[in-house]
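Colleague: attaching a predicted model along with its sequence, questions to come.
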Amino acid sequence: VEGSRKPHGQRECTAAQACVFYEWIPSPWEQCTGECFSPSRRRFVSCVKYNGTEIALEQDSSRCDPEDMDSSEEPCAPTCAVWVAGPWGECTTSCGQGTKQRNITCMFDGVPSDSCSGPREADILTCNNESCPTPATAPAPACVDKKNINCQLAVEHYGCNAFYSDLCCATCSGSGQS
């Protein structure tokens with residue numbers, strides 16, 4: 001039977017001492033029980049007395065060496081499928097709202113499964129919610145009079161019409177730079 005063993009077949013005895021020894025004997029393992037992620041199973045480990053011909057349960061377990069005692073409980077494999085999330089990918093934008101994704105797979109005992117229950121974690125997340133900087137606009141060109149024209153004279157005779165207002169910007173705006 002799994003988990004049980006036969007006491008040692010031979011031990012040294014002297015004629016003056018009866019051939020009696022004590023040993024731990026485990027029972028078979030029980031079924032696994034417990035929560036999905038931490039199931040365990042148990043068994044009884046008993047101290048027995050062996051006199052060369054008979055095995056009997058020993059009431060005083062201190063007669064058996066505690067160093068030789070087998071484990072009475074051990075963990076079992078998880079009993080349910082779980083969602084396993086992979087790493088997040090890169091954001092789709094460097095600024096302004098973007099998204100990033102990851103793979104989420106239902107796994108049971110290291111193998112993809114379709115038996116997961118419970119909520120599935122998000123596989124898409126918004127990212128880079130800060131605004132993008134606005135591009136710097138070029139400064140307006142300086143308002144100056146063109147050098148190849150006498151703006152004072154032109155403005156006196158013709159005024160700051162559409163033609164001269166560009167050529168004689170400073171004179172027409174009143175800054176008087178020529």
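Modeller: Received it, and whenever you're ready, just let me know what you need. Residues are numbered from 1 along each chain as shown.

Colleague: wasn't Q152 part of a strand?
Modeller: No: Q152 sits outside any strand when classified using DSSP: H, G, I helix; E, B strand; the rest coil, being helix.

Colleague: please tell me I have it right and it contacts T171.
Modeller: Yes: under the criterion of Cβ atoms under 8 Å, Q152 is in contact with T171, at a separation of 6.4 Å. Every C-beta, even on glycine, is put in place using the N, C-alpha and C of the backbone.

Colleague: the closest residue to G86 other than its chain neighbours: neighbour count?
Modeller: In space, and not counting its chain neighbours, G86 is closest to N103: 4.2 Å by Cβ to Cβ, 6 or more residues apart in numbering. N103 has 10 neighbours, counted by other Cβ atoms under 10 Å.

Colleague: show me the contacts for N103.
Modeller: N103 makes contact with A85, G86, D123 under the criterion Cβ atoms under 8 Å, 6 or more residues apart in numbering.

Colleague: return the member of the residues you listed nearest to P75.
Modeller: Nearest to P75 among the contacts of N103: A85, at 23.7 Å, using Cβ to Cβ.

Colleague: returning to what we had before: ok, Q152 and T171, which is more surrounded?
Modeller: T171 (25 against 13).

Colleague: the protein: strands as residue ranges?
Modeller: Ranges of strands within the chain are 21-26, 40-42, 45-50, 55-57, 73-75, 82-85, 98-101, 104-108, 111-112, 124-127, based on DSSP state E.

Colleague: give me the contacts around the third one.
Modeller: Counting contacts by Cβ under 8 Å, 6+ apart, the residues outside strand 45-50 that touch it are 7-8, 20-27, 55-58, 60-61, 63-64, 69-72.

Colleague: among these, which ones are buried?
Modeller: F21, Y22, E23, W24, I25, P26, E58, C64 (16 or more other Cβ atoms under 10 Å).

Colleague: low-confidence stretches in this structure?
Modeller: The chain contains residues with pLDDT under 70 at 1-18, 138, 175-178.

Colleague: ok, back up a step: would you list the strands of the chain in TSV and tack on distance to D145?
Modeller: Formatted as TSV, those follow (distance: least, Cβ to Cβ, whole Å):
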stretch	distance to D145
strand 21-26	107
strand 40-42	94
strand 45-50	107
strand 55-57	118
strand 73-75	91
strand 82-85	69
strand 98-101	50
strand 104-108	69
strand 111-112	78
strand 124-127	53
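
Colleague: among the ones you listed, which is nearest A142?
Modeller: strand 98-101 (40.4 Å).

Colleague: for that closest one, packing partners?
Modeller: For strand 98-101, the helices and strands in contact under the criterion 3 or more Cβ pairs under 8 Å, 6 or more residues apart in numbering; DSSP states H and E are strand 124-127.

Colleague: just to revisit the earlier point, between the strands of the chain, which gets nearest to Y158?
Modeller: strand 98-101 (56.7 Å).
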